[in-house]
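>>> Quick one, structure for this:
(chains A and B)
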Number of protein chains: 2
Amino acid sequence: MQRTDFRAMPCSIARTLAVLGEPWTPLILRDIVFGLTKFDELQRDLGVATNILADRLSTLVEHGLLTREPYRERPVRYRYELTDKGADAVPVLLALMRWGDRWAADPAGPPVTVVHHTCGAPAEPAMTCSGCGEPLDLAGIGARRGPGAQRGPGAYLLPGWLSAPGRPELREAMPPPRITSAGRFPPGR
Amino acid sequence: MQRTDFRAMPCSIARTLAVLGEPWTPLILRDIVFGLTKFDELQRDLGVATNILADRLSTLVEHGLLTREPYRERPVRYRYELTDKGADAVPVLLALMRWGDRWAADPAGPPVTVVHHTCGAPAEPAMTCSGCGEPLDLAGIGARRGPGAQRGPGAYLLPGWLSAPGRPELREAMPPPRITSAGRFPPGR
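The predicted structure is shown next:
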C-alpha cells in the first residue's frame, strides 16, 4: 500500500502527523515524558512488539525529538531522552489526554490526573489564546493564510477563506462552522 | 496484521488515538472545522482515496463526533457536521498545528495563522493550567493516579509514581524527567 507523504503537505497538522502520527508513537512519548527511558522498560510497559518500538524510536531520534545513548555494553542497550523538540510535544499529549478524559474515560473517571508543580493544583489542561488567555474553542477561532501559505492538496486554501465580509480585520479568515447539537451558531451564518 | 485495541487501555491518550489516531482523521476534522461539510468537498481538498475517507467519516459518526445528513437524493449525497464531542477535538488539532508550526514549517513560516475572534488577535495556541493559567510544559508537570486508575499494559502505573519523597502533596506523582539539550533540570533530580 502506498502511503501518502504528509510531510509534503503545506499544513502543520499534516507535518506533525508525519512524525507523531504513527501507531504507538504518542504512547511511547507519554512513557518517556513520565520517566521511562530504556528500550526494555518501554517495551514492558506498553506491551508493544519490539520491531515496532525500535522503528518508532528510530523515527523520533531521526527527527530530533529524542537522543539515544548506550547505557550498557555487551549486549549494548540504549536509553532515550527528550530533546527540546520532543519536550515541545507535551501539549499534543495533554490535548489527546484531555479529550479522552472527557469522552472516553470509564465511569470511575480518568485514569491519570495531571499535577502542575508550579501551582500545586491538579490541573485540567486548557488550550488558550496566547493573546488574551481565554480558551480557544470552535466558535471563537478562524484561520487565515500564514506567511508560508501555498496552494495544493491539503493546503487549507479553501475558497471561503478569502471572503470575510464586513470585518476587514478578519479578511482571509474563515468563519467558524455550525455545531449541530449545541444550538450555537456563529454570528453572520 | 493484528491491530492493538487502544480502546482497551486504561489511558486517555490511547483511547483518543483509537478514535482520532487513524491516518487522515485529524486532517478530515481540520477541514470540517474550517467549514467543509460535503464528502466531495473533503475528498477534493484532501486528495484522499474515497474508500479511506468513507471509512474515517463512518468511524467519526459511529463515535458521535460527526452527524451525517443527506443533502441531495438520487444519487444521495451526505453532509457532515460536528457535534459537541467533535468540536471538543479542536484543542487536539491546535496542539498538532502548534508543534508543526514550530518544528516543521517551511522557512517562509507557518501556512496558517489562527485568529481568535473574541480578542481579534492572531493567536498562538498555548496549553495552559486551568488552575493558574500558566503554560503547562514538561518541567512543570507530573501525573498522579486518577479516580479511574487501573493496572495493566499501557496503564501509566509506573513504579516511580508511588514515591515522591518530601512533598506529600505530590505523593503518587511523577517527577518530571530530564531534558537533554536544554540544560534544564527539574529541582530535586
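>>> CA atoms for contacts and neighbours, from now on please.
Fine.
>>> what packs against the helix or strand harbouring residue A:53?
Using DSSP states H and E, residue A:53 sits within helix A:50-62. Applying 3 or more Cα pairs under 8 Å, 6 or more residues apart in numbering or on different chains; DSSP states H and E, one finds that helix A:50-62 contacts strand A:66-72.
>>> Show residues contacting the strand it packs on.
If you take Cα atoms under 8 Å, 6 or more residues apart in numbering or on different chains as the criterion, strand A:66-72 is touched by A:57, A:60-61, A:76-83, A:86, B:180.
>>> Which of those residues scores worst on pLDDT?
Checking pLDDT across those, the minimum falls on residue B:180 at 40.
>>> what about the host helix or strand of residue A:41, near chain B?
Residue A:41 is part of helix A:39-46, with elements assigned from DSSP H and E. Yes. Using Cα under 8 Å from any Cα of the partner chain, helix A:39-46 comes into contact with chain B via A:44, A:45, A:46.
>>> in that helix, what counts as buried?
Residues of helix A:39-46 classed as buried: A:39, A:42, A:43, A:45, A:46 (neighbour count, 16 or more other Cα atoms under 10 Å in any protein chain shown).
>>> ditto for stretch A:45-53
Neighbour-count burial for stretch A:45-53, with 16+ other Cα under 10 Å as criterion, is recorded at A:45, A:46, A:48, A:53.
>>> chain center to that stretch, what's the gap?
Centroid separation between stretch A:45-53 and its chain, computed with Cα atoms, centre = their mean, to the nearest Å, is 21 Å.
>>> Likewise for stretch A:111-129?
Centre-to-centre, stretch A:111-129 and its host chain are 17 Å apart (Cα atoms, centre = their mean).
>>> now do stretch A:33-53
20 Å.
>>> do the same with stretch A:67-82
With Cα atoms, centre = their mean, you get 27 Å for stretch A:67-82.
>>> What is the end-to-end distance of it?
The first and last residues of stretch A:67-82 sit 6 Å apart, counting by Cα to Cα, to the nearest Å.
>>> Return the set of buried residues in that stretch.
By neighbour count on 16+ other Cα under 10 Å, the buried set for stretch A:67-82 is A:67, A:68, A:78, A:79, A:80, A:81, A:82.
>>> Stretch A:4-19 too?
Neighbour-count burial for stretch A:4-19, counted by 16+ other Cα under 10 Å, picks out A:6-7, A:9-19.
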